[in-house]
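# below is the structure, and that's it, no one-letter string:
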């Protein structure tokens with residue numbers, strides 16, 4: 001798991017809490033802020049997945065190929 005995945009999950013949880021509190025309290029600004037945090041979390045999570053995939057591909061390139069190929 002990449003650092004960005006962790007940051008993304010934290011933002012999504014924080015966003016869900018803000019959205020819930022905003023809905024319960026009738027605070028549309030806080031609700032919108034929560035939705036925005038959730039979107040930021042999803043973007044960070046996607047960035048983390050991309051970074052991890054790139055790292056894995058680079059690691060594959062560094063591995064020696066079996067002698068049969």
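That came in fine, so what should we check first? Predicted model only: the values in this text are computed from it and were never measured.
# helices along the chain, start to end?
3-25, 28-62 (DSSP state H).
# separation between the most centrally placed residue in the chain and residue 12?
Centroid-nearest residue in the chain: residue 45, 1.5 Å away (criterion: Cα atoms, centre = their mean). For residue 45, the distance to residue 12 (Cβ to Cβ, to the nearest Å) stands at 7 Å. In this view, the C-beta of every residue, glycine as well, is placed from N, C-alpha and C.
# that older thread, just name the most buried of the helices of the chain.
helix 3-25 (a mean of 16; mean count of other Cβ atoms under 10 Å).
# tell me what it is packed against?
helix 28-62 (3 or more Cβ pairs under 8 Å, 6 or more residues apart in numbering; DSSP states H and E).
# show me what the helix it packs on packs onto, helices and strands only.
Looks like helix 28-62 contacts helix 3-25 (3+ Cβ pairs under 8 Å, 6+ apart).
# mind listing residues that contact the helix it packs on?
27-49, 51-52 (Cβ atoms under 8 Å, 6 or more residues apart in numbering).
# what angle do it and helix 28-62 make?
160 degrees (axes from the mean of the first three to the mean of the last three Cα atoms, to 10 degrees).
# returning to that earlier point: how about the residue nearest to the centre of the chain, what does it touch?
Neighbours of residue 45 in contact, by Cβ under 8 Å, 6+ apart: 4, 5, 8, 9, 12.
# how much space between the third one and residue 51?
Distance of residue 8 to residue 51, computed by Cβ to Cβ: 11 Å.
# now do the second one
Distance check for residue 5 against residue 51: by Cβ to Cβ, it reads 9 Å.
# where in this structure is pLDDT low?
Low-confidence regions of the chain, defined by pLDDT under 70, span residues 68-69.
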